[in-house]
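>>> only the shape, not the letters, is given here:
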Ligand SMILES: Nc1ncnc2c1ncn2[C@@H]1O[C@H](COP(=O)(O)OP(=O)(O)OP(=O)(O)O)[C@@H](O)[C@H]1O
Ligand SMILES: [Mg+2]
């Protein structure tokens, strides 16, 4: 066997193909069929099960682990519930097991267990909802593959594939697993997904000889998962699935690269965790030293930690995004990768292709003419043969050409034409060469017919044919020929050139593609879409710049863009782009709105440059040539009608290719984003304020400012409130601009609003400690030491702070959720309102009922509520003022 199976220079990174896959590249097909017990009937159900059990499923880990059980675990096993459980156990020990018969009391345990159940159940329902949305959406666009099972060729989801399956592939497919080819007909693939190289490779079913292959490209009889079939068709046997594939090895690295969003969320979580890591020990030591009870101090510090952990962060994010994508689902947009929702929210540059996006979906063949513009049947005939026989990914142009056989009375004609010209060979269309070659046999002669981009075809022509006569192709002749084409391009027509030459050989190679005879042109009507101009204006209003990236001719692109009101002053072609130096590139790309005559590689390059310039980039395209750029962009967008491979690479699929649909998507994305942002910023700042107060209180107070249970109770209320946040309304002005996703603005927000709440907390402490409690209990805490009144003192104090804390924490949410005046100018959604009202009311009333006492809550005298009202109004006022200042200074709130 070979030493280094896949060590070629073309490799991106280390993952190598599975040994099994490589070994069978060197064995003949009979051995392969024998070893895997494959008959020409395909696998039976039992064989499928057996193979799946042995070699695994064809899915990459991300989705596979996402089961209901996993979500259940996530809902119930988190720091919050675990600490609750620990507390319940401790209470059970102290209150029940170790307590004397008379003081035995199980209420605390029951309360804690109820909290545990409620929080877990609420989380779980949310998790399930998010999962249902995700499943439904992925189900709508699952990629499928043709496989031989039980004597029939059936279409199954590619996740159903198992090792040993016989599959059939054709142009436009994405290779669904690592496969050894058993038959191939002009099969061409792009392996750029795994090697990063854009070259198109021909593959076949021949057995390799020992030591022949040194790189992925060298394995001519293997196709790897994720690669795209650009032309031809073939059959093969699946040899590796899921994570055993080369692509599976990359997938983990790939997803982490792409996911700016998770990085953002993580950085935010870390900001909060760092705060806690510093402050929680301070609380523990201060409480331990001042109160002398280290066990309680530990429990208290633990509860503070729980209270401050943004444990709802993943859940709120998930719920917001799921809700956003469900809303988009109703608007003809399927979000495959839920994290792309965030990309929608922060996208500020949208790259689009031309055909179907800016121009109508249907292209029609308008003229077929010779080089001087007269209608020519020969041009049509040759183009027809070319479109019919090339097996590259067929696009609208080919469909438009093939449409001619549907003209009444012409079916027979085109049928006979095809019969008279049998196909010998081809080099299918690809976007680097930009033309398609087909070799046909006509009578005694072999004809090589090409059709494609005017520039590329003309470059390869040495003569022209006019009225059956051949002429040299040079000088004035060429000029007058160009004049006709230019005129059509100006009018926004799409023009292809058609040429041919006789060939002796019966097979075709790239070396033959020169010295053609130019025959004429095809002109397609590709009119700008009426709705596009409006959509572009709307996008501009949303501060999303539209850039056009097309492979088409510059003149037609300019013509179309001009009619749609897109700035064309700075159009750049692929060739010009190549000539720019590394310094000029970022600047020039930044200023240009229209890029034409691009190769697929250049589309990627532009997306990369824009991202490097700090933009969040969306890419909308439907062709094979857009695939790499779609994968590279922050939000890759494609359409339902695109080739399988392209759809697979995209994050978002539009069921209708229309910019207007996108505009709504952006709105939804921003809404989801705003709600996430709301949660994070408000939680972070109020937590920051709380911990400051707790640190101060634990240093100065001779007892705990709140019991652990009360802290957890507050936390529960707040969490439930946060759970309904995804359903909150978002103000229009927040959605007016792309929203930035980073921890950068979080810090300043926390520092700005956090201390305000600490200030009022400390005010409340002082009032309770020095005024209210002494007046009710009849003396300062020190003078009451040891007596029963001291316990009452503590209970009063704790209840007082519990209520103040709850009121301010709930209010801050209403204050900061909008830059406007809360409740009056911007109304929260009904669930948010309901939870707020019921929650605060419930806990306030609770202090007066007997049910409050197990929680350490005790009725407060009316005068306290006077104080509370005062504090709350002052707090409202101060935060409102601060908010105004914050917005003036940084021109944004969330
Ligand atoms: N089926 C085809 N046969 C021959 N040549 C083709 C075919 N499709 C495209 N071409 C050539 O390749 C060039 C680039 O293709 P195309 O215009 O589809 O690029 P694109 O980037 O996908 O454009 P768009 O932005 O309109 O989607 C075309 O101008 C045309 O000359
Ligand atoms: Mg295209």
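That came through fine. For clarity, every value in this text was computed on a predicted model and none was experimentally measured. Ligands and ions are numbered 1, 2, ... in the order given.
>>> which non-adjacent residue is nearest residue 230?
Closest residue to residue 230 apart from its sequence neighbours, by CB to CB, 6 or more residues apart in numbering: residue 188 at 4.9 Å. To be clear about C-beta, it is placed using only N, CA and C from the backbone, and glycine gets the same treatment.
>>> the one you found contacts residue 232, correct?
Yes - using CB atoms under 8 Å, residue 188 is in contact with residue 232, at 5.6 Å.
>>> find residues that contact each of the two.
Counting by CB atoms under 8 Å, 6 or more residues apart in numbering, the residues touching both residue 188 and residue 232 are 392, 428.
>>> and this structure, which residues reach ligand 1?
Residues of the chain lying near ligand 1 by CB under 6 Å from any ligand atom: 353-355, 395, 397-398, 429, 434-436, 451-453, 496, 550-553, 623, 625.
>>> got the contact list for the nearest residue to residue 174 once chain neighbours are set aside?
Nearest non-adjacent residue to residue 174, counting by CB to CB, 6+ apart: residue 645, 3.6 Å away. Neighbouring residues of residue 645 by CB under 8 Å, 6+ apart: 172, 173, 174, 228, 229, 624, 627.
>>> do you know the pLDDT at the last one?
Read it as residue 627. What the model reports for residue 627 is a pLDDT of 84.
>>> what about it, neighbour count?
31 (other CB atoms under 10 Å).
>>> which stretches of the stretch 1-150 of the chain aren't confidently modelled?
In the predicted model, the stretch 1-150 of the chain carries pLDDT under 70 at residues 1-15, 60-66, 78-80, 83, 103, 126, 130, 133-142.
>>> what ranges does it have for its strands?
All strands of the stretch 1-150 of the chain, identified by DSSP state E, counting those that start in this stretch, fall at 144-149.
>>> residue 175 against residue 169, yeah?
Yes - if you go by CB under 8 Å, residue 175 and residue 169 touch, sitting 6.8 Å apart.
>>> overlap of the contact sets of those two?
Contact with both residue 175 and residue 169 is made by residues 223, 229, according to CB under 8 Å, 6+ apart.
>>> ok so the residue nearest to residue 230 is a strand residue?
Yes - the assignment for residue 188, made by DSSP: H, G, I helix; E, B strand; the rest coil, places it in a strand.
>>> nearest residue to the residue in the stretch 701-850 of the chain that ligand 2 sits nearest to in space, please, no chain neighbours.
For the stretch 701-850 of the chain, the nearest residue to ligand 2 under the criterion CB to the ion is residue 738, separated by 25.8 Å. What sits nearest to residue 738 in space, not counting adjacent residues and going by CB to CB, 6+ apart, is residue 348, at 4.2 Å.
>>> could you identify the helix or strand that succeeds the host helix or strand of the residue nearest to residue 174?
Assigning secondary structure by DSSP states H and E places residue 645 in helix 644-649. Using DSSP H and E, the helix or strand that directly follows helix 644-649 along the chain is strand 652-654.
>>> what about that following strand, distance to the chain center?
On the basis of CA atoms, centre = their mean, to the nearest Å, strand 652-654 sits 11 Å off its chain's mean C-alpha point.
>>> also stretch 862-878?
With CA atoms, centre = their mean, you get 46 Å for stretch 862-878.
>>> before we move on, back to that, so the residue of the stretch 701-850 of the chain closest to ligand 2 is in which element?
In the assignment (DSSP H and E), residue 738 maps to no helix and no strand.
>>> so what pLDDT did it get?
You'll see residue 738 listed with a pLDDT of 84.
>>> isn't it up against residue 344?
No - judged on CB under 8 Å, residue 738 makes no contact with residue 344 at a distance of 9.4 Å.
>>> shared neighbours of those two, which are they?
Common neighbours of residue 738 and residue 344, using CB under 8 Å, 6+ apart, are residue 670.
>>> for those two, indicate the residue with more neighbours.
residue 344 (32 against 21).
>>> distance of that one from residue 745?
Between residue 344 and residue 745 the computed distance is 19 Å (CB to CB, to the nearest Å).
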